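1. Provide a 3D model corresponding to the input given below.
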Amino acid sequence: MSEAGVYKAAHKQYAATPPMGWNSWDCYGASVTEEEVLGNARYMAEHLKPFGWEYVVVDIQWYEPGAHSSAYRPFVPLEMDGYSRLIPAANRFPSSAGGKGFKPLADSIHGMGLKFGIHIMRGIPRQAVHANTPVLGTDRRAREIASNNICPWNSDMYGINPAAEGAQAYYDSLFRLYAEWEVDFVKVDDIAASRLYHIHHREIEMIRTAIDRCGRPMVLSLSPGAAPLEYGGLLTTNANMWRMTDDFWDLWPLLKDMFGRCEQWYPFVGGGSWPDCDMLPLGHIGLRSVDGGASDRQTRFTREEQRTMMTLWSIFRSPLMFGGELRDNDAWTLSLLTNEEVLAVHRDGRDARPLYRREDRAVWVARAPDGGIYAAFFNLGDEPAEVSAELAELGLAGAREVRDLWERRSLGQVSVLRFMLPPHSSRLVKLEPEG
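-> Take a look at the predicted model:
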């Protein structure tokens, strides 16, 4: 096998199970500060790490000194090094001053037993192209490798011309810098489904190559969605996770729509590749974000809808990236993140698939590692409804012991699973193995 082939096999192990963590976007937009990142990391280390939560991800525009919300300031000066690479804004990330980059922040997060991630935009900074600054590892300069396939919603970057000499050298230098900072997770935006240019498949392959060459394992996440289903093979080969949707917010129509997306993407789940339902807009969100049709708020999802979201994300095995301000979690929100029996479905479930979708009633099933069966029942309608399945539909004969995973209690021996569910609600159960 070639060196590239070895790495492409190896990178699946960087996310052997779906990644779990916190991302700053839903609560702070583009404006998160170092102290806010560290505060959420400390909470994660104390309350969530024992349950598998580990990634702390700084979302977009950490290089923009004046960022103040999720509303971008177009064409403003950005912090950049001498080789066309964006660096943290020291007024927001003081430990990065003096050319240290994110290494001190990564060290602090690693010291808590967690992992550190960043968001980047596809391409090369506009200001680098306008100034025609050098690119490390090539005698070509920024203007010679740039392309005008720009992002329609953020002005920070030009695209890269994959055919240009020096283009791969730019991405190689970028990920070597991130390796020096000891980054563990990179979310690349405006790449999986650009609103103007579809999927940027050549740049996805260039980024995969750059990570493989940088000498450090990094989980690769691609945004935004909806990623085109016909490129599922390319995404599986090159990335660890990719978005199935545009930004997901705390609105029931978006959650109901996610069921159809999961029905399309479930064959691609597993083996280090994870179609991504997007972040969990739970708890206190919108502190400095004006996206999603609202600002500073507690999630607009009802408690039933919150469980429905966590149930779908878990049985489908989407990455779990919490979007709220962790330090403001109440007991209910924390309970959604620390139910060991539900998280076992997310971590250990296999071969999840929709059993049926009948109007607004849906059932999903997955295999448990001990031979049991996980089953999730959903009422997606606006009225109470009975949702049921006979064990024969699950390929089982006779009765089985059934356990309600959210309530952590036995439902006894049953031969038919039948639940009367309130609107927008769900039940998640495990059918124990025979004997």
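2. in the protein, which strand has the most residues?
-> strand 350-358 (DSSP state E).
3. Could you pull up phi and psi at the nearest residue to P74 once chain neighbours are set aside?
-> Distance criterion CB to CB, 6 or more residues apart in numbering; nearest residue to P74, sequence neighbours excluded, is S155 at 4.2 Å. For every residue, glycine as well, the C-beta is placed using N, CA and C. When read as degrees, to the nearest 10, the backbone of S155 gives phi -100, psi 10.
4. Surely S155 and R126 touch.
-> Yes. Contact criterion CB atoms under 8 Å: S155 and R126 qualify, at 6.7 Å.
5. between the two, which one's more packed in?
-> R126 (18 against 14; other CB atoms under 10 Å).
6. Could you pull up the residues touching that one?
-> By CB atoms under 8 Å, 6 or more residues apart in numbering, the contact list for R126 reads 75, 155-158.
7. Equivalent analysis for A30, please.
-> A30 makes contacts with 59-61, 64, 67-70, 72, as judged by CB under 8 Å, 6+ apart.
8. Common neighbours of S155 and R126, please.
-> By CB under 8 Å, 6+ apart, the residues touching both S155 and R126 are F75.
9. quick revisit: quick one: which of the contacts of R126 is nearest G323?
-> Nearest to G323 out of the contacts of R126 is D156 (CB to CB; 21.9 Å).
10. so what's that closest one up against?
-> Per CB under 8 Å, 6+ apart, neighbours of D156: 61, 64, 72, 78, 86, 121, 125-126.
11. Columns pLDDT on top of those residues, output as a markdown table?
-> What follows is the contacts of D156, written out as a markdown table (pLDDT from 0 to 100):
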| residue | pLDDT |
| --- | --- |
| Q61 | 98 |
| E64 | 98 |
| Y72 | 95 |
| L78 | 98 |
| L86 | 98 |
| M121 | 98 |
| P125 | 98 |
| R126 | 98 |
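12. So which of those residues are in strands?
-> If you go by DSSP E, the contacts of D156 have 121, 125 in strands.
13. Out of the contacts of D156, grab the one that's most surrounded.
-> Per-residue neighbour counts (other CB under 10 Å) across these peak at Q61, which has 25 neighbours.
14. hang on, isn't that one packed against A67?
-> Yes. Applying CB under 8 Å, one finds Q61 in contact with A67, separated by 4.8 Å.
15. Can you list the buried residues in the host helix or strand of Y43?
-> Here Y43 sits within helix 34-43, counting by DSSP states H and E. For helix 34-43, the neighbour count (16 or more other CB atoms under 10 Å) marks 34, 36-38, 40-43 as buried.
16. contacting residues around the next helix or strand after that helix?
-> Proceeding N to C from helix 34-43, the next assigned helix or strand is strand 55-58, under DSSP H and E. Applying CB under 8 Å, 6+ apart, the external contacts of strand 55-58 come out as 19-24, 32, 37, 40-41, 44, 102, 109, 114-119, 184-185, 187, 219, 321.
17. do the same with stretch 301-315
-> 250, 252, 255, 258-259, 262, 277, 280-282, 299, 318, 320, 332, 336, 342-343, 345-346, 349, 352, 364-366, 374, 376, 378, 406, 422-426, 428.
18. Quick check on these: which are buried?
-> 250, 252, 255, 258-259, 262, 277, 280-282, 299, 318, 320, 336, 342-343, 345-346, 349, 352, 364-366, 374, 376, 378, 406, 423-426, 428.
19. Inside strands: which ones of the residues you listed?
-> Going by DSSP E, the strands hold 320, 352, 364-366, 374, 376, 378, 426, 428 from the buried ones among the contacts of stretch 301-315.
20. And these, which is closest to G98?
-> Each of these was scored against G98 by CB to CB, and L320 proved nearest at 35.6 Å.
21. What about the contacts of R126, which are in strands?
-> 157-158.
22. which residues in the stretch 101-250 of the chain form helices?
-> 103-111, 126-131, 142-145, 167-180, 201-214, 232-238 (DSSP state H, counting those that start in this stretch).
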